[in-house]
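In: would you be able to build a 3D model of this:
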Amino acid sequence: MEISISSRHKDITPGLEEAVRAKIGQLDRYLDHLDTAEVHFDEARNPRIVDRETCEVTLTGHGHHLRCKVNAPDAFTAVDLAEAKLERQIRKLRTKLQNRHRGRGDTIRTGAAPGSEPIPDTVNDADDEPELQIVKTKRFHLGPLTPAEAALKMDLMGHGFFFFINSTTGRSAVVYRRDDGAVGLIDEAG
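Out: Below you'll find the predicted structure:
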């Protein structure tokens, strides 16, 4: 797996880089075809924040995208937490894929007959998170708005995002509050 490491407000030490390559690099043993891992560190400047270190990891490959973001008092702990979180996500994805392929005579990991190469399982699957369920549904009228108007409506309602029809493009769009406090825009490609 190809691993790229970047940072903001922080220097990456050789020890931290080695820990990232060892811990994040071993995640592809749980699911083949994970091609790249992007690891980004950020350090909060406010001394009152206890968990100052942020580690954000994105794994991609074979049409799958797994992402996690964790905060911890130091970068090494953040890497450990990110590894554990991604391991749970991979196990959940693997279980979903196995259920989809059940009865076809091949496995997720190798595509070969069952029993040719076992998938390592270090944690009991009973610890897996439950399936996501939709517990609330909202319906509302989508009127054409400019992105600035949509951002204002989002702020007025106190939401983290707002879905609307972009009046300049005529397509679906979302404005959202970013972690840095700015507003982002996701516009439908056309």
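
In: so is the residue nearest the centre of the chain in a helix, a strand, or just coil?
Out: Centroid-nearest residue in the chain: R67, 1.6 Å away (criterion: C-alpha atoms, centre = their mean). Three-state assignment for R67 (DSSP: H, G, I helix; E, B strand; the rest coil): strand.

In: so it makes contact with T60?
Out: No - in this structure, R67 is not within contact of T60 by C-beta atoms under 8 Å, at 9.2 Å. Just so you know, the C-beta spots here come from the backbone N, C-alpha and C atoms, and that holds for glycine as well.

In: quote the end-to-end distance of stretch 160-173.
Out: This stretch, stretch 160-173, spans 14 Å end to end (C-alpha to C-alpha, to the nearest Å).

In: centre of the chain versus it, how much separation?
Out: 24 Å (C-alpha atoms, centre = their mean, to the nearest Å).

In: contacting residues around that stretch?
Out: Residues from elsewhere that reach stretch 160-173 (C-beta atoms under 8 Å, 6 or more residues apart in numbering): 142-147, 150-151, 153-154, 174-177, 185-188, 190.

In: try 6 Å
Out: With C-beta atoms under 6 Å, 6 or more residues apart in numbering as the test, stretch 160-173 has contacts from 142, 144-146, 150, 153-154, 174-177, 187-188, 190.

In: same check, this time on stretch 67-74
Out: Contacts for stretch 67-74 (C-beta under 6 Å, 6+ apart): 51, 53-58, 78, 81-82, 85-86.

In: domain map for the protein?
Out: 2-127, 144-187 (automatic domain parsing).

In: and the lengthiest helix in the chain, what does it pack against?
Out: Counting residues, the longest helix found in the chain (DSSP state H) is helix 75-101. Contacts defined by 3 or more C-beta pairs under 6 Å, 6 or more residues apart in numbering; DSSP states H and E place helix 75-101 against helix 14-23, strand 53-61, strand 64-72.
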